[in-house]
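Engineer: Next input, structure requested:
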Amino acid sequence: MFGKKEESFNRNVDTIIGDGTQFSGELKAKGTLRIDGKFNGQIEIEGDVIIGKTGQVYADIKAENVTASGDVHGNLILKGKLELHSTAKLYGDIEVSKLIVNEGAVFKGQSKMNTENEDEISKFKKDKKKKVG
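Structural biologist: Below you'll find the model as predicted:
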């Protein structure tokens, strides 16, 4: 009732794949996509993707942000953040700017963190080499 974290993501959802629904194919859309059913294919969203507790996704996803409480099997390329709730299971590689993994979530894959300032990374690596060598 109160304080359910996932419920805060019920903002203006433009596309819903409901619980009990199965969809296979390529999905391209703008806005927010919520998946509570089963999806198999490719997802490219100009916006956010929400995967509910009953959601099962077998797809590579390109989007702004992803919030997952269900199962995801595929690679994610996101401009923003990935948040895995405690019931989430993610099997695949990710490329994100921010990553939040709540206690109990499963993540098996490799991660690449994007940053807007690649110069900071280069400077850090150079400074580290100077200190070591």
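Engineer: average pLDDT across stretch 64-71?
Structural biologist: In this model, stretch 64-71 has a mean pLDDT of 98.
Engineer: Now do it: everything it contacts.
Structural biologist: Stretch 64-71 is contacted from outside by 6, 9, 35-36, 45-57, 72, 76, 78-85, 87-90, using Cβ atoms under 8 Å, 6 or more residues apart in numbering. Every C-beta, even on glycine, is put in place using the N, C-alpha and C of the backbone.
Engineer: Now, these that are in strands?
Structural biologist: 35, 45-46, 48-51, 56-57, 72, 76, 78, 81-84, 89-90 (DSSP state E).
Engineer: In stretch 64-72, which residues are buried?
Structural biologist: 65-72 (16 or more other Cβ atoms under 10 Å).
Engineer: Selection in PyMOL covering whichever of the contacts of stretch 64-71 are buried, please.
Structural biologist: Here is the PyMOL selection string for the buried members of the contacts of stretch 64-71, based on 16+ other Cβ under 10 Å:
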select buried, resi 6+9+35+36+45+47+48+49+50+51+52+54+55+56+57+72+76+78+82+83+84+85+87+88+89+90
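Engineer: Of the buried residues of stretch 64-72, which pair is most distant in space?
Structural biologist: By the measure Cβ to Cβ, N65 and D71 form the most distant pair in these, at 18.3 Å.
Engineer: and L99, what does it touch?
Structural biologist: 81-82, 111, 113 are the contacts of L99 under Cβ under 8 Å, 6+ apart.
Engineer: 10 Å instead?
Structural biologist: 78, 81-84, 107, 111, 113 (Cβ atoms under 10 Å, 6 or more residues apart in numbering).
Engineer: next one: N40
Structural biologist: 22-25, 56-59, 73-74.
Engineer: lowest confidence element among the helices and strands of the chain?
Structural biologist: Ranking every helix and strand in the chain by mean pLDDT, DSSP states H and E puts helix 118-132 at the bottom, with a mean of 62.
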